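# just need the structure, nothing else, for what follows:
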Amino acid sequence: MFFYHISSGQLLLLLQVFVLLPLSQKGLLKIADSILPSPNPPLPISSSFFSIALSLSNILYNLLFGVACLPQPSPPQGQDLYLFTSIPSKSTQHRAEESCKCNGWKNPNPSPTPPRADLQQIIVSLTESCRSCSHALAAHVSHLENVSEEEMNRLLGIVLDVEYLFTCVHKEEDADTKQVYFYLFKLLRKSILQRGKPVVEGSLEKKPPFEKPSIEQGVNNFVQYKFSHLPSKERQTIVELAKMFLNRINYWHLEAPSQRRLRSPNDDISGYKENYTRWLCYCNVPQFCDSLPRYETTQVFGRTLLRSVFTVMRRQLLEQARQEKDKLPLEKRTLILTHFPKFLSMLEEEVYSQNSPIWDQDFLSASSRTSQLGIQTVISPPPVAGTISYNSNSSSLEQPNGGSASPSCKGSSGLEANPGEKRKMNDSHALEEAKKPRVMGDIPMELIDEVMSTITDPAAMLGPETSLLSAHSARDEAARLEERRGVIEFHVVGNSLSQKPNKKILMWLVGLQNVFSHQLPRMPKEYITRLVFDPKHKTLALIKDGRVIGGICFRMFPSQGFTEIVFCAVTSNEQVKGYGTHLMNHLKEYHIKHDILNFLTYADEYAIGYFKKQGFSKEIKIPKTKYVGYIKDYEGATLMGCELNPRIPYTEFSVIIKKQKEIIKKLIERKQAQIRKVYPGLSCFKDGVRQIPIESIPGIRETGWKPSGKEKSKEPKDPDQLYSTLKSVLQQVKSHQSAWPFMEPVKRTEAPGYYEVIRFPMDLKTMSERLKNRYYVSKKLFMADLQRVFTNCKEYNPPESEYYKCANILEKFFFSKIKEAGLIDK
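Now for the predicted structure:
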């Protein structure tokens, strides 16, 4: 038996059939199937549906033949509601009955239990007395006289939900789930009695969202964090995987707390039970009870719930994909069987990592600059009750109202000009745009986008087609491609004394021991075994076809701020494939997540070359007191160190560098095409001249080149010294009496259209934050930002304005201070 979605016309037709043809349930089903559409979605219901339908038919029968008349405007609907309504306390017709506590009219002649299908439904009259309170049926529905049809339909919908929850309570075997069903059952009955909207209260008084950032936002951050550098086509594949994953979570049925207690007795059951109850009330039950507000699981829950279900869900999803692979289309099969497992593995690391940045609430604001380069978000951060829609033509997940989910889409186009404001730009000043100074390095984003589309579109590139790797490709390119295809995997494994490792980890540890023993023959096997299985040591294992082919054994010293690399090896028949480089890059990213930014190792004569290629040097950046007594010393080996930069995505670093080189090359070609001027070759060398200044080459200045020798000054080698100097200069600039217009970012309300004219805004507050975060690693960055403040002001405001004058005064003051500080020559 099923719920049917029916129109009012179909309902009336069905009621007419019920009136004229009193039949059994089987007969009613047969007629209903011929009138109603196919059930969608199929949901089991109790036989009370038929009793309600028969009751409605009786009322219609009474109306047709004059037996009784219910209050207008919706006579059939009143028959449903009297089962759940009490006598109104302020009814003028029944003042003597105000003390009635009956919560619904009870038939004085109840049908047999269970109801017999062969008996004809007894017609109920408005004068019939309630079995519970002895009041007439008319008294129970008198308060519905002035209720609108819309409100009546809403109450009727709650009645259907109550009927379904009543069935759920009786059929559910799990105690926790039954308790929630019963709570919602009473809640909906109460809302019918009080004619209000059902509101979940009590222990669930916390309203959605229950955790920030949500699962949606976390997955969105994950896509930006790991895949923002990819070309648009590959990034779209990742976005499709993210959408698929989020959709599976939204329709995933959580296991009951009792089942979870049996499966994982050591887990926090109380926390899971609380989330399970919230999930039932806000996400699961509202799917079939329309009277309750519905929220998407991924929009209101966060990392805690995802951690509790991820492992089980990942295993079941992959198992289901393998079982149904023959039923999938070819393109979907490749997506799910090849890319989806790797996507889930990478996401799993971020879900269970303690220091993953994707769960920071300010992740998007920190990466807003990246979003401006064309990287769109996958999902919309704010939780919205109801359903969400996916835009198949874009990588952004949009809300039904069409609003974009990308944080970079919040433009100023919706602002209106405010007449009379001082910051108003006249059209006459646009003619002077060419005369105003521009900040060097500002390349229009349209040009960047055009170049990006050229270098990422194979059809737009000239030259022969290359299906294989380029001869000048990075060392780790082949390994990176194999990882994307799922050929190789990387896992951090280690032994544990507190809990028993699973069989797979133990097999990998044995495999690592064998690889290190074969590739490091001068190292005692017992020593290798002791360190590999030591709980204080971990190993980044390289897995191919289910077996270990390489790894890096290391020990972390968080209190000292460094990690010691003990063993590093790849089996001989898998070398010269870029595995070693890719292995080290994964290790670097792993340590950046754990906030350890220094590597130390003792390298023998055969390993020095490898470590140099990975960024190691003999110049140790950390103080000797930090590592003496901690790191193991090897005879005949050289101590080498490597300092990590947390801003670099090491596993994709070579791809980024390659793309940057291609962009610069294309920009140079465009610049050369714009100049369109050919100078005669240099003839001075024929006269015996050995060298000439670069600036004397004809046309060199027209390309944008500037001599750098005129303002030579030594950069402070000590970062702390540079920080102190820049902090002093910036503080003096902020304290100047003409600095007031530049203290904070320009407000859109004060300067309409400002951000349409100024593409690279800057202010003293932003500079202070950048200085605090150690962004200014050189004086050039600092001077460029402050110069941008003055340039933007002069570009937007007319010369006679007060802002323009303040910019000139403060600019002169700034240059005098940097000369005093020795940042430029006097």
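# how many neighbours does Ser191 have?
21 (other CB atoms under 10 Å). For glycine as for every other residue, the C-beta is placed from the backbone atoms N, C-alpha and C.
# that one contacts Glu201, doesn't it?
No. Between Ser191 and Glu201 there is no contact under CB atoms under 8 Å: 11.6 Å.
# state the mean pLDDT of stretch 549-564.
Stretch 549-564 comes out with an average pLDDT of 93.
# so which bits of that stretch are buried?
Neighbour-count burial for stretch 549-564 flags 549-557, 560, 562-564 (criterion: 16 or more other CB atoms under 10 Å).
# and that stretch, end to end?
When the termini of stretch 549-564 are compared using CA to CA, to the nearest Å, they are 21 Å apart.
# what does stretch 533-541 rub up against?
For stretch 533-541, contacts defined as CB atoms under 8 Å, 6 or more residues apart in numbering pick out 490-497, 508-509, 511-513, 531-532, 548, 550-556, 566-567, 583, 586-587, 590.
# just stretch 760-779 next, same as before
Stretch 760-779 is contacted from outside by 439, 442, 715, 719, 722-723, 726-727, 730, 733-734, 739, 742-746, 754-755, 781-782, 785-786, 788-789, 792, 818, 823, using CB under 8 Å, 6+ apart.
# output that stretch as CSV - backbone C-alpha positions only.
Presented in CSV, the C-alpha positions along stretch 760-779 are these (Å, rounded to 0.1, in the frame of the first residue of the first chain):
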residue,chain,number,x,y,z
PHE,A,760,43.5,46.1,-6.7
PRO,A,761,42.3,47.9,-3.5
MET,A,762,44.7,48.5,-0.6
ASP,A,763,44.5,50.3,2.8
LEU,A,764,46.6,50.7,5.9
LYS,A,765,44.5,48.3,7.9
THR,A,766,45.1,45.5,5.4
MET,A,767,48.8,46.3,5.4
SER,A,768,48.9,46.0,9.2
GLU,A,769,47.3,42.6,9.0
ARG,A,770,49.7,41.5,6.3
LEU,A,771,52.7,42.8,8.3
LYS,A,772,51.4,40.9,11.4
ASN,A,773,51.2,37.7,9.4
ARG,A,774,54.8,38.2,8.1
TYR,A,775,53.6,38.6,4.5
TYR,A,776,56.2,41.2,3.7
VAL,A,777,59.3,39.1,3.2
SER,A,778,61.0,42.0,1.3
LYS,A,779,60.8,45.7,1.3
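# flag the shaky bits of the stretch 201-350 of the chain, pLDDT-wise.
Within the stretch 201-350 of the chain, the segments meeting pLDDT under 70 span 202-205.
# now the strands for the stretch 501-650 of the chain?
In the stretch 501-650 of the chain, the segments counted as strands under DSSP state E, counting those that start in this stretch are 538-544, 547-557, 562-570, 598-603, 638-643.
# show me the protein divided up by domain.
8-194, 205-409, 477-653, 719-820 (automatic domain parsing).
# least reliable of these going by mean pLDDT?
Among the domains of the chain, domain 8-194 carries the lowest mean pLDDT (a mean of 59).
# for ChimeraX, what selects the buried ones among the contacts of stretch 533-541?
To isolate the buried ones among those in ChimeraX, judged by 16+ other CB under 10 Å, type:
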select :490,491,493,494,495,508,509,511,512,513,531,532,548,550,551,552,553,554,555,556,566,567,583,586,587,590
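# who are the contact partners of Thr177?
Taking CB under 8 Å, 6+ apart as the criterion, Thr177 is in contact with Ala256, Leu280.
# same deal with Ser345?
Listed by CB under 8 Å, 6+ apart, the contact set of Ser345 reads Glu489.
# export whichever strand or helix holds it as PDB, just CAs?
Taking DSSP states H and E as the definition, Ser345 sits inside helix 340-352. Extracted in PDB, the C-alpha atoms of helix 340-352 (Å, rounded to 0.1, in the frame of the first residue of the first chain):
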ATOM      1  CA  PHE A 340      36.100   8.300  -6.600                       C
ATOM      2  CA  PRO A 341      38.200   6.000  -4.400                       C
ATOM      3  CA  LYS A 342      41.200   8.400  -4.600                       C
ATOM      4  CA  PHE A 343      38.900  11.300  -3.800                       C
ATOM      5  CA  LEU A 344      37.500   9.500  -0.700                       C
ATOM      6  CA  SER A 345      41.000   8.600   0.500                       C
ATOM      7  CA  MET A 346      42.200  12.200   0.300                       C
ATOM      8  CA  LEU A 347      39.100  13.500   1.900                       C
ATOM      9  CA  GLU A 348      39.400  10.800   4.700                       C
ATOM     10  CA  GLU A 349      42.800  12.200   5.600                       C
ATOM     11  CA  GLU A 350      41.300  15.700   6.000                       C
ATOM     12  CA  VAL A 351      38.300  14.400   7.900                       C
ATOM     13  CA  TYR A 352      40.300  12.600  10.600                       C
END
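# now the helices for the stretch 501-650 of the chain?
For the stretch 501-650 of the chain, the helices defined by DSSP state H, counting those that start in this stretch cover 503-519, 525-532, 579-593, 608-613, 624-627.
# still on that earlier bit, so which of the domains of the chain comes closest to Glu669?
Counting by CB to CB, Glu669 lies closest to domain 205-409 out of the domains of the chain; the figure is 20.2 Å.
# go through the helices of the stretch 501-650 of the chain and pick out the most buried.
Ranked by mean neighbour count, the helices of the stretch 501-650 of the chain are led by helix 579-593 with a mean of 22 (mean count of other CB atoms under 10 Å).
# other residues contacting that one?
Contact partners of helix 579-593, identified using CB under 8 Å, 6+ apart, comprise 353, 355-357, 474-476, 479-480, 483, 488, 490, 492, 540, 542, 549-552, 554, 556, 563, 565, 568, 570, 597, 599, 610, 613-614, 644, 646, 649-651, 653.
# please pick the buried ones from the contacts of stretch 760-779.
Neighbour counting with 16+ other CB under 10 Å marks 439, 722-723, 726, 730, 733-734, 739, 742, 746, 754-755, 782, 785-786, 788-789, 792, 818, 823 as buried within the contacts of stretch 760-779.
# follow-up on the earlier one: can I get the domains of the chain in TSV including distance to Ile700?
Shown next, in TSV, are the domains of the chain (distance: least, CB to CB, whole Å):
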stretch	distance to Ile700
domain 8-194	72
domain 205-409	31
domain 477-653	32
domain 719-820	21
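# how about the ones you listed, which one is nearest Ile668?
The closest of the domains of the chain to Ile668 is domain 205-409. By CB to CB, the value is 19.9 Å.
# these two touch, right, Phe516 and Arg530?
No. Using CB under 8 Å, Phe516 is not in contact with Arg530; the gap is 11.6 Å.
# what number of residues lie near Lys706?
Applying other CB under 10 Å, I find that Lys706 has 10 neighbouring residues.
# I meant Leu682, not that one.
Number of residues near Leu682 (other CB under 10 Å) recorded here: 12.
# what about it, which helix or strand?
Assessed by DSSP H and E, Leu682 sits outside every helix and strand.
# how near is the nearest residue to it once chain neighbours are set aside to Tyr679?
Spatially, and ignoring its direct neighbours in sequence, Leu682 is nearest to Ile697 (7.1 Å; CB to CB, 6 or more residues apart in numbering). The gap separating Ile697 from Tyr679 is 8 Å, by CB to CB, to the nearest Å.
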